[in-house]
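*Asks:* fold the following for me, if possible:
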Amino acid sequence: MDFTLKIYKQLLSELQQLGYEFITFEAYCEGKRPAKFVIMRHDVDLRAGHSLATAQAEAALGLKASYFFRVVPQSNQPDKIMAMAALGHEIGYHYEDLSLFKGDMKAAVAHFEKQLAHFRQFYPVRTVCMHGSPASRYDNRDLWKQYNYRDFGVIGEPYFDVDFEDVFYLTDTGRCWDGYKYSVRDKVKSSFTQSYHSTTDIIRAAKAGTLPPRMMITTHPQRWTDNAAEWVLEWVMQNVKNVVKRWLMR
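*Replies:* Residues are numbered from 1 along each chain as shown. Below you'll find the predicted structure:
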């Protein structure tokens with residue numbers, strides 16, 4: 001079974017054994033660029049407890065990752081945020097302000113600044129990442145057509161500050177690793193042609209030496225669990241979401 005903590009730990013261990021260095025997005029923005037690296041990015045959309053489980057698995061291996069939290073209560077849970085920060089992980093803001101305020105730029109940027117201050121109570125947040133908000137007509141990144149996130153002490157946003165011609169991008173959007181047809185906004189422009197469907201496919205490619213040396217891997221931890229009931233529920237819900245997303249894209 002894919003999308004279990006068991007196979008996630010296997011992926012981490014395999015990449016670690018093959019010489020990949022795990023760096024935070026913050027470190028990448030500061031200029032840290034090892035020969036082989038993984039920026040392990042987690043978008044905490046829902047079920048913050050699942051994110052704590054992946055954070056603990058990473059910490060057990062001595063790895064650091066980047067966790068981006070939304071403002072919704074299913075994500076914005078201070079006790080879990082502080083626990084992850086205590087494990088050495090980076091905390092960032094998973095912003096969706098333009099969608100929340102239906103395109104009102106002034107209200108959106110004021111909310112962005114307020115929420116950034118909120119998350120900075122738990123970690124000195126210096127990076128942000130847009131939430132795709134697939135059901136909204138607004139692209140949250142458009143906020144930066146009028147404002148500059150660097151004016152708020154932010155040094156990086158993945159969709160603007162990662163060279164995806166150099167860094168291979170993998171995301172579990174759609175609950176698979178090749179879910180392009182289900183993704184409304186979680187896409188990047190890149191000349192990489194590799195494509196993998198399952199986590200096992202990625203592990204096999206790593207062992208074969210065909211996996212690119214520099215990567216950003218994005219997960220949504222609510223999908224990753226060893227609990228059978230939660231696993232089935234997420235599988236059902238994601239299949240429904242995928243149908244809706246394909247309809248929206250059409």
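*Asks:* in this protein, which spans are strands?
*Replies:* Using DSSP state E, the strands of the chain run over 21-23, 37-44, 66-69, 90-95, 128-130, 168-171, 214-219.
*Asks:* look up how far residue 140 lies from residue 146.
*Replies:* 13 Å (C-beta to C-beta, to the nearest Å). Using the backbone N, CA and C atoms, a C-beta is placed for each residue, glycine as well.
*Asks:* the nearest residue to residue 162 once chain neighbours are set aside: how many residues sit nearby?
*Replies:* Nearest residue to residue 162, sequence neighbours excluded (C-beta to C-beta, 6 or more residues apart in numbering): residue 216, at 6.1 Å. If you count neighbours by other C-beta atoms under 10 Å, residue 216 ends up with 21.
*Asks:* again with residue 145
*Replies:* 9.
*Asks:* about what we covered before: the strands of the chain: which one's closest to residue 31?
*Replies:* strand 21-23 (10.7 Å; C-beta to C-beta).
*Asks:* pull the residues that contact the closest one.
*Replies:* Applying C-beta atoms under 8 Å, 6 or more residues apart in numbering, the contact partners of strand 21-23 are 15-16, 32, 34, 36-40, 58, 63-65.
*Asks:* most remote residue from this structure's center?
*Replies:* For the chain, the largest distance from the centre (C-alpha atoms, centre = their mean) belongs to residue 106, which lies 26.5 Å off.
*Asks:* tell me how far that one lies from residue 98.
*Replies:* Taken as C-beta to C-beta, the span from residue 106 to residue 98 is 11 Å.
*Asks:* residues near residue 191, how many?
*Replies:* Neighbours of residue 191 (other C-beta under 10 Å): 6.
*Asks:* cool, and residue 208?
*Replies:* Applying other C-beta under 10 Å, we find 8 residues neighbouring residue 208.
*Asks:* quick one: it from residue 201, how far?
*Replies:* 11 Å.
*Asks:* try residue 228
*Replies:* In terms of C-beta to C-beta, residue 228 sits 23 Å off from residue 201.
*Asks:* do residue 104 as well
*Replies:* Distance, residue 104 to residue 201, using C-beta to C-beta: 43 Å.
*Asks:* for residue 232, same thing?
*Replies:* From residue 232 to residue 201 the distance is 22 Å (C-beta to C-beta).
*Asks:* higher neighbour count, the two?
*Replies:* For the pair residue 232 and residue 201, the greater number of neighbours falls to residue 201 (16 against 11), based on other C-beta under 10 Å.
*Asks:* check whether the more buried one really touches residue 170, as I assumed.
*Replies:* No: applying C-beta atoms under 8 Å, one finds residue 201 not in contact with residue 170, separated by 10.5 Å.
*Asks:* okay, and the common contacts of these two?
*Replies:* Jointly contacting residue 201 and residue 170 under the rule C-beta under 8 Å, 6+ apart are residue 177.
*Asks:* low pLDDT regions in this structure?
*Replies:* Where the chain drops to pLDDT under 70, the residues are 242-250.
*Asks:* let's see 50
*Replies:* Counting by pLDDT under 50, the chain shows no low-confidence range.
*Asks:* for it, just list every one of the helices.
*Replies:* 5-17, 25-29, 48-60, 78-86, 97-100, 105-119, 158-161, 199-208, 228-249 (DSSP state H).
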